[in-house]
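>>> here is my input, please return the structure:
(one chain, ligands or ions: 1)
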Amino acid sequence: TIVILDFGSQYTQLIARRIREFNVFSVVLPCTVPIEQVKKLNPKGVILSGGPCSVYDADAPDADVGLLAMGVPVLGICYGLQFIVHHLGGKVVGAAAREYGHAEVTVVAETPLFRGLPGSLDVWMSHGDEAEELPVGFHLTAKTSNAVAGIADEERGIWAVQFHPEVAHTRQGMELLKNFCLDICGAKQDWTPEHFIQSTVERVREQVGTGHAICGLSGGVDSSVAAVLVARAIGDRLTCIFVDNGVLRKDEFQKVQTTMREQLGLNVVAVDSSQRFLEKLAGVTDPEQKRKVIGNEFIAVFDDEAKKIFEAQKDSQPSAAEEIAWLVQGTLYPDVIESSSVHGPSHTIKSHHNVGGLPANMKLKLIEPLRDLFKDEVRRIGRDLGMPDDIIERQPFPGPGLAVRILGEVTAERVAILQEADQIVVDEIKKAGLYRKVWQSFAVLLPVKSVGVMGDQRTYANTCAVRAVESEDGMTADWAPLPYEVLRTISSRIVSEVRGINRVVYDITSKPPGTIEWE
Ligand code: XMP
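So this is what the prediction gives:
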């Protein structure tokens, strides 16, 4: 086991995920965890994550300094480096120039951490503080043009880097993490998807006992994989509920029902609540408010449906009635981290539906078997579960659906306009063979009208933005350089086929600083 201590970075789970990529088991624990608990896990190594604070902040996350002297190798990342420097007698100062984004690092000393890496590293940085004086026993292993980028005290078994090896933009990051986990710590590579499936099925079986569970299906990869996993654990004591929230894609309500029943053999109850959702959304324009409205309504529908299932159970099996208490959701790690901090002080970016939208009085207990995983890991699990490719390869679709792609008020009419445009985008992207190459490709309806001319007639209608991004996990993304031909076809089809749209623009914003969805 590699223990990762979370100091509140947006990237902490990314460290765990990288380590899983080479089949090593790791756990993420809050930085404040008692040292005895860490020792009990008998870790091969400890990684200190980054974090949004400065070591001098009054509320700076703290950890037991004894963790640095347990006799197991330690790797500090970003804030982790500053924590080590600060607590072992060195000095951290506010950087003259904050470094964000790409940087070039020069390796200045031979160390097992950089073994096999080139002398110049292409890395990703995000920090406001830097090490000025190193603690006794430490030496510099790498630097940027103006700051410390790596340090080590090999005798004590402590290494640290100022950059983030876990993000995809650090080219040699994986090699560095492998050097640490495999060579320095000697961790075993025995953690595989089958392991994950097996241990999750066992855990769910134990949690649910003789009870029943319901699952919110969205038709996407996450909830389908979650449902299939839980069905494996408890069989037909899982009932899946698929809700039409009025902001689904065109024809999706019918298509998803068929797939889930016929291809996955799931027990599905389909509920058309579109009217109810659209009424609640009337007049709402604030993005966070939309997410909350949909999240709350979703849970309300669930509660209603759960009650019906309760009642039916009560009739057939009176003792089981109290036990239907579980709600399965396909929440992934990026949904969790961007909504709230798991352990530490990371900042809320958006209240992702299924997380931030949950009302406090919800009556069902949650099972979230994918909560620590990233999308591509979920796809791998789905494949291992034998699920068909057309479900596994679906592009992500947000819980609040088209509502977060309709800027301004969501009305039935605007949903219908966007459904048509969305279908054209997906259709053309598929025809061009790009559907699996891009992470997501979709249309956004803007509350902007502009003037156009069609068949000698003046038009005054809506603008549609097309967004296509490349990403590995949704945490960071680049806009996709779609071929001009594809853009041309999408644009001319939308303007000529979709009544209500007379202009199409292409979004060329990466994440960060943009987000993938517009709201
Ligand atoms: P953003 O817009 O935050 O999106 O860059 C990152 C990824 O998450 C998806 N997304 C959601 N998924 N519930 C979900 O299950 C949500 O509320 C939600 N909001 C965004 C988004 O489509 C992208 O893949």
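>>> can you give me the strands for the stretch 401-519 of the chain?
440-454, 457-471, 477-479, 501-506 (DSSP state E, counting those that start in this stretch).
>>> show me which residues of the stretch 401-519 of the chain sit near the ligand.
Contact residues (C-beta under 6 Å from any ligand atom) of the stretch 401-519 of the chain with the ligand: Gln440, Gly474, Lys511, Thr515, Ile516, Glu517. Heads up, the C-betas are built off the backbone N, CA and C, glycines and all.
>>> tell me the one of the residues you listed nearest Gly101?
Closest to Gly101 out of these is Lys511 (12.8 Å), distances taken as C-beta to C-beta.
>>> just confirm the closest one contacts Ala477, I think it does.
Yes. With contact defined as C-beta atoms under 8 Å, Lys511 counts as touching Ala477 (4.2 Å).
>>> counting neighbours, go ahead and name the busier of these two.
More crowded of Lys511 and Ala477, by other C-beta atoms under 10 Å: Ala477, with 23 against 17.
>>> am I right that Asp272 is in contact with Leu248?
No. Taking C-beta under 8 Å as the definition, Asp272 is not a contact partner of Leu248, at 10.4 Å.
>>> who's more crowded, those two?
The neighbour count for Asp272 versus Leu248, taken as other C-beta under 10 Å, is higher for Leu248 (21 against 12).
>>> can you pull the contacts of the closest residue to Val161 other than its chain neighbours?
Nearest non-adjacent residue to Val161, counting by C-beta to C-beta, 6 or more residues apart in numbering: Gly150, 4.7 Å away. Contact partners of Gly150, counting by C-beta atoms under 8 Å, 6 or more residues apart in numbering, are 105, 107, 111, 113-114, 140-143, 159-162.
>>> so what's Ile406 scoring on pLDDT?
At Ile406, the model reports a pLDDT of 98.
>>> who does it form a beta bridge with?
Counting by DSSP bridges, Ile406 is bridged to Leu445.
>>> surely Gly173 meets Arg18?
Yes. Using C-beta under 8 Å, Gly173 is in contact with Arg18, at 7.2 Å.
>>> could you export the strand of greatest length in the chain as CSV, CA atoms only?
Longest strand in the chain by number of residues (criterion: DSSP state E): strand 91-107. Extracted C-alpha coordinates of strand 91-107, given in CSV (Å, rounded to 0.1, in the frame of the first residue of the first chain):
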residue,chain,number,x,y,z
LYS,A,91,12.3,28.2,5.0
VAL,A,92,9.4,28.7,2.7
VAL,A,93,8.6,32.1,1.2
GLY,A,94,6.0,33.6,-1.1
ALA,A,95,7.3,33.4,-4.6
ALA,A,96,8.3,36.6,-6.3
ALA,A,97,6.5,35.3,-9.5
ARG,A,98,3.8,32.7,-9.0
GLU,A,99,4.2,29.8,-11.4
TYR,A,100,1.1,28.4,-13.1
GLY,A,101,1.1,26.0,-16.0
HIS,A,102,3.9,24.7,-18.1
ALA,A,103,7.5,25.0,-16.8
GLU,A,104,10.8,23.6,-17.7
VAL,A,105,12.8,21.9,-14.9
THR,A,106,16.5,21.1,-15.0
VAL,A,107,17.7,18.1,-13.1
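>>> and it, what other elements does it pack with?
Judged by 3 or more C-beta pairs under 8 Å, 6 or more residues apart in numbering; DSSP states H and E, strand 91-107 is in contact with helix 79-87, strand 120-133, strand 139-143, strand 148-153.
>>> who's in contact with it?
Here strand 91-107 makes contact (C-beta under 8 Å, 6+ apart) with 54-56, 82, 85-86, 114, 117-133, 141-147, 149-150, 163, 169.
>>> and if you look at stretch 470-485?
Residues outside stretch 470-485 that contact it (C-beta under 8 Å, 6+ apart) are 10-11, 14, 17, 167-169, 334, 337, 374-376, 396, 429, 432, 434, 437-441, 467-469, 506-512, 516.
>>> tell me which of those fall in helices.
Under the assignment DSSP state H, those contribute Leu14, Arg17, Pro334, Ile337, Lys375, Asp376, Ile429 to helices.
>>> my read: the fifth one touches Val225, true?
It refers to Lys375. No. Using C-beta under 8 Å, Lys375 is not in contact with Val225, being 10.2 Å away.
>>> who's more crowded, these two?
More crowded of Lys375 and Val225, by other C-beta under 10 Å: Val225, with 28 against 22.
>>> quick one: distance of the helix or strand harbouring the more buried one to the chain centre.
Assigned by DSSP states H and E, Val225 belongs to helix 221-234. Its chain's C-alpha centre and that of helix 221-234 lie 18 Å apart, by C-alpha atoms, centre = their mean, to the nearest Å.
>>> the helices in the stretch 251-400 of the chain, which residues?
For the stretch 251-400 of the chain, the helices defined by DSSP state H, counting those that start in this stretch cover 252-258, 274-281, 287-316, 333-339, 375-384, 389-392.
>>> now do the second one against helix 287-316, angle only.
What that stands for is helix 274-281. 140 degrees (axes from the mean of the first three to the mean of the last three C-alpha atoms, to 10 degrees).
>>> output the contacting helices and strands for helix 274-281.
When contacts are defined as 3+ C-beta pairs under 8 Å, 6+ apart, helix 274-281 packs onto helix 287-316.
>>> mind listing what's buried in the helix it packs on?
287, 290-299, 301-303, 305-306, 309-310, 313 (16 or more other C-beta atoms under 10 Å).
>>> and for stretch 228-236?
Val228, Leu229, Val230, Ala231, Arg232, Ala233, Ile234.
>>> count of neighbours near Pro481?
10.
>>> from Pro512, how far out is the residue most central in space within the chain?
By C-alpha atoms, centre = their mean, the chain has its centre lying nearest to Pro334, at 1.8 Å. Separation of Pro334 from Pro512 (C-beta to C-beta, to the nearest Å) stands at 13 Å.
>>> with Gly219 instead?
In terms of C-beta to C-beta, Gly219 sits 29 Å off from Pro512.
>>> measure the residue of the stretch 151-300 of the chain found nearest the ligand to Gln254 for me?
As assessed by C-beta to the nearest ligand atom, the ligand sits closest to Arg291 within the stretch 151-300 of the chain, at 6.1 Å. As judged by C-beta to C-beta, Arg291 and Gln254 stand 26 Å apart.
>>> and Glu279, by the same measure?
Using C-beta to C-beta, Glu279 is found at 22 Å from Gln254.
>>> low pLDDT regions in the chain?
Along the chain, the parts satisfying pLDDT under 70 run over 310, 314, 317-324, 337-363.
>>> what's around Trp479, how many residues?
For Trp479, the neighbour count with other C-beta under 10 Å is 18.
>>> not counting sequence-adjacent ones, nearest residue to it?
Trp479 sits nearest to Ile508 (C-beta to C-beta, 6+ apart), 4.9 Å away.
>>> quick one, phi/psi of that neighbour?
With angles defined as degrees, to the nearest 10, Ile508 sits at phi -110, psi 50.
>>> ok, back up a step: please pick the buried ones from the residues of the stretch 401-519 of the chain next to the ligand.
Judged by 16+ other C-beta under 10 Å, buried ones among those: Gln440, Gly474, Lys511, Ile516, Glu517.
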